[in-house]
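# after the sequence you'll find the predicted model.
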Amino acid sequence: MKWSEYTWTQVEHCYQAILEMPFITELSAGTLPVETFKFYMAQDSLYLEHFGRALSLVGAKAYDIQDVLAFIRFAEGAIVVENALHETYFKDFGLTDRGTMQPACHHYIHFLKSTAAFDAVEVGMAALLPCFWIYKKVGDHIFQNQETVNNPYKKWIQTYSNEDFGALVQQAINICDAAAERSTPEIRERMTQAFITSSHLEFDFWQGAYHNRKWNVF
Ligand SMILES: Cc1ncc(CO)c(N)n1
């Protein structure tokens, strides 16, 4: 069994729970409050910028030159999506200031950056994989179960259910499988743990947005 196949079985429950989260079901139905989506979008803009930085760092550490190239392209892609958020979604939803990182985003990004910086490169790759894979699966799920014609969040759904994103996701999975294959059982276990942690943090990112979770103000 491939590392990715085994590891996915470890997050299947988390993934099923994500599909049932109010953020996801309401986004899918088009009934998610606009203020909730705006909070999510502002946080996601910050997320994507720093996700791009973490991808670049893993790219710089990769052994295989093709993997270096792939991660640099992923990083570019994350920053291009961030720009698209700013150019279109922010304007569509009347958002001007993205503000500062709130707890869920802060936790996730700092986990990604510290894993990318301090752990083995394979573990960094595995930590970054749910950002691709879970979004693709959630995007496809929402796309297939859509009932609303004029969903205000249609563009978001298209971003993650389209085939171009699907190809990138498959490439990221393949790179992780090849890296796992070349590594040791100990590293593979750390890869799995990092993948599980990031999957939980994906859940928490949506949960934090749904509940408008912010730092205390003193
Ligand atoms: C929190 C989060 N994870 C993954 C993606 C997709 O790359 C995103 N836009 N935001």
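Looks like it came in fine. All values derive from a computational prediction rather than experimental measurement.
# buried set for the biggest helix by length in the chain?
Among the elements of the chain assigned as helix by DSSP state H, the one spanning the most residues is helix 34-61. By neighbour count on 16 or more other CB atoms under 10 Å, the buried set for helix 34-61 is 36-59, 61. Using the backbone N, CA and C atoms, a C-beta is placed for each residue, glycine as well.
# go on, stretch 177-188?
Buried-residue list, stretch 177-188, by 16+ other CB under 10 Å: Ala178, Ala179, Ala180, Ser183, Ile187, Arg188.
# out of everything not next to it in sequence, what's closest to the second one?
To tie it back to what came earlier, the one meant is Ala179. Nearest residue to Ala179, sequence neighbours excluded (CB to CB, 6 or more residues apart in numbering): Glu122, at 4.4 Å.
# contacting residues for that neighbour?
Residues near Glu122 by CB atoms under 8 Å, 6 or more residues apart in numbering: Cys176, Ala179, Ala180, Ser183, Ile187, Arg188, Arg190, Met191.
# hmm, 7 Å instead?
By CB atoms under 7 Å, 6 or more residues apart in numbering, the contact set of Glu122 is Ala179, Ala180, Ser183, Ile187, Met191.
# which two among those residues are spaced furthest apart?
Greatest spatial distance in the contacts of Glu122: Ala179 and Ile187, 8.6 Å, computed using CB to CB.
# geometrically speaking, which residue is the centre of the protein?
With distances taken as CA atoms, centre = their mean, the residue of the chain nearest its centroid is Cys131 (2.5 Å).
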